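# Everything below, folded, please.
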Amino acid sequence: MPETIVINGRSIDRGEKVLTKLAISKLPSGTVIEIPIYVFRSVHDGPVVLLMAGMHGDEVNGTEIIRRMLTRKMLYPLKGTIIAVPVLNIYGFLNFSREVPDGKDVNRSFPGNRDGSLASRVAHRFMKEVIPYVDYGLDFHTGGSSRANYPQIRCVLSDYRNEELAKAFGAPFILNSSYRQGSLRKEAAKLGKSILVYETGESLRFDEKGINVGIEGTCRVLHHLGMMLNHTPPQEQSVVCMRDIWLRAKNAGLWRSHVRLGEFIKKNQNIGSITDPYGEMEVRLNAPAGGYVVGLNNMPVVNQGDALLHISF
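As a prediction, the model looks like this:
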């Protein structure tokens, strides 16, 4: 752990608790856009852990996880440093949007470019100012619009550090998930940093179960790293899934699911149907593989190619 951390030109020494605001850019109105970053440092040597949310501005469950932990004063480490970022994509947060105003995804823009698109500039600044100090991280996400995720950790399990932290977190599901081009997780891994993604719920909706699982899992990770004394053991053992598949709509129409999130389904089991709005067509859908339902589309009106069901096994 470094003696001094410098973020946004602010030096933060051991034992300090600081809120600094990373200036990113300005709105067309001239309003300055800043990313609040909380830094909690122990006087004792230890790892630097990043807790971040709001990479996609409409994904509020992670923001609420960090907010509650801040409010409850749960982020004062016994050793090491905790860096907490409740909302990374301030633009998307203000506009109820996944992306920044230019339509680009920040989590497909890493490592970023100082002179690139707005999303690329946000990514570049974060990589330059914060990531060099980080040893481990939890990146909180949710499902997309009307697509809900059952509480799950995603990581590359071939890295023993990821596997160790994922098991310590204790989410209901651990998914082996390869790196995506342009993602923070991939770029951080190139630098030897281990960042896990926690997914729960759907965008613009609070998922109380998933929020509580996220808080408890974060405490277990901090306890595992020797940074926190108290933690709550998981209520159930994590199910590890090495593969996954999405079932997509072959027909447009009205989608009705016959299964629930977290449920185990068998191959060829009827999992729902798609009908037209007029009662003239009905297509029954069967599971292409057996496994657990870790993602589910709650939107009743679907188009061809829409993701309906995420199955992991």
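# Which pLDDT value goes with the closest residue in space to N162 that isn't next to it in sequence?
Distance criterion CB to CB, 6 or more residues apart in numbering; nearest residue to N162, sequence neighbours excluded, is C155 at 4.0 Å. The C-beta positions use only the backbone N, C-alpha and C, and glycine is treated the same way. According to the prediction, C155 has pLDDT 97.
# Please apply the same query to the one 3 residues further on.
Looking at S158, its pLDDT stands at 95.
# and what of N8?
For N8, pLDDT reads 89.
# Begin at 51, not 1, for the rest of this chat.
With the count now opening at 51, the last piece we talked about shows up as N58.
# Tell me, how many residues neighbour it?
Per other CB atoms under 10 Å, the neighbour tally for N58 reads 14.
# Repeat that for the one 10 residues further on.
Other residues lying near V68 total 15 when counted by other CB under 10 Å.
# Name whatever forms a beta bridge with it.
V89 (DSSP bridges).
# isn't it right next to S61, touching?
No - V68 is not in contact with S61 according to CB atoms under 8 Å; the separation is 9.3 Å.
# Helices along the stretch 151-300 of the chain, start to end?
168-179, 210-219, 234-240, 258-274 (DSSP state H, counting those that start in this stretch).
# Quick one: residues contacting R117.
Contact partners of R117, counting by CB atoms under 8 Å, 6 or more residues apart in numbering, are P136.
# measure it to V110 for me?
Distance of R117 to V110, computed by CB to CB, to the nearest Å: 10 Å.
# and if you look at L358?
24 Å.
# Who has more neighbours out of these two?
Ranked by neighbour count (other CB under 10 Å), L358 and V110 place V110 first, with 26 against 21.
# Wait, the more buried one touches T192, no?
Yes - counting by CB under 8 Å, T192 is a contact partner of V110 at 7.4 Å.
# any residues in contact with both of those two?
253, 255.
# What segments of the stretch 201-350 of the chain are strands?
223-226, 244-252, 289-291, 294-298, 303-307, 314-315, 320-325, 332-336, 341-347 (DSSP state E, counting those that start in this stretch).
# possible to save those as JSON lines with distance to D155 and mean pLDDT?
Below are the strands of the stretch 201-350 of the chain laid out as JSON lines (distance: least, CB to CB, whole Å; pLDDT from 0 to 100):
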{"stretch": "strand 223-226", "distance to D155": "20", "mean pLDDT": "98"}
{"stretch": "strand 244-252", "distance to D155": "14", "mean pLDDT": "97"}
{"stretch": "strand 289-291", "distance to D155": "25", "mean pLDDT": "98"}
{"stretch": "strand 294-298", "distance to D155": "18", "mean pLDDT": "96"}
{"stretch": "strand 303-307", "distance to D155": "25", "mean pLDDT": "97"}
{"stretch": "strand 314-315", "distance to D155": "31", "mean pLDDT": "98"}
{"stretch": "strand 320-325", "distance to D155": "28", "mean pLDDT": "97"}
{"stretch": "strand 332-336", "distance to D155": "29", "mean pLDDT": "96"}
{"stretch": "strand 341-347", "distance to D155": "18", "mean pLDDT": "98"}
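# Which of these sits closest to Y88?
strand 244-252 (17.8 Å; CB to CB).
# what's that closest one packed up against?
helix 110-121, strand 186-193, strand 197-205, helix 210-219, helix 234-240, helix 258-274 (3 or more CB pairs under 8 Å, 6 or more residues apart in numbering; DSSP states H and E).
# buried sites along the fifth one?
Read it as helix 234-240. 234-239 (16 or more other CB atoms under 10 Å).
# Could you do the fourth one as well?
When burial is assessed from 16+ other CB under 10 Å, helix 210-219 yields the following buried residues: 211-213, 215-219.
# Same question for the first one.
Of the residues in helix 110-121, those buried by neighbour count under the rule 16+ other CB under 10 Å are 110-117, 119-120.
# ok, so of these, who is nearest S147?
V110 (12.1 Å).
# Which pLDDT value goes with that closest one?
pLDDT for V110: 97.
# Could you pull up the residues touching it?
Counting by CB under 8 Å, 6+ apart, V110 touches 104, 192, 253-256.
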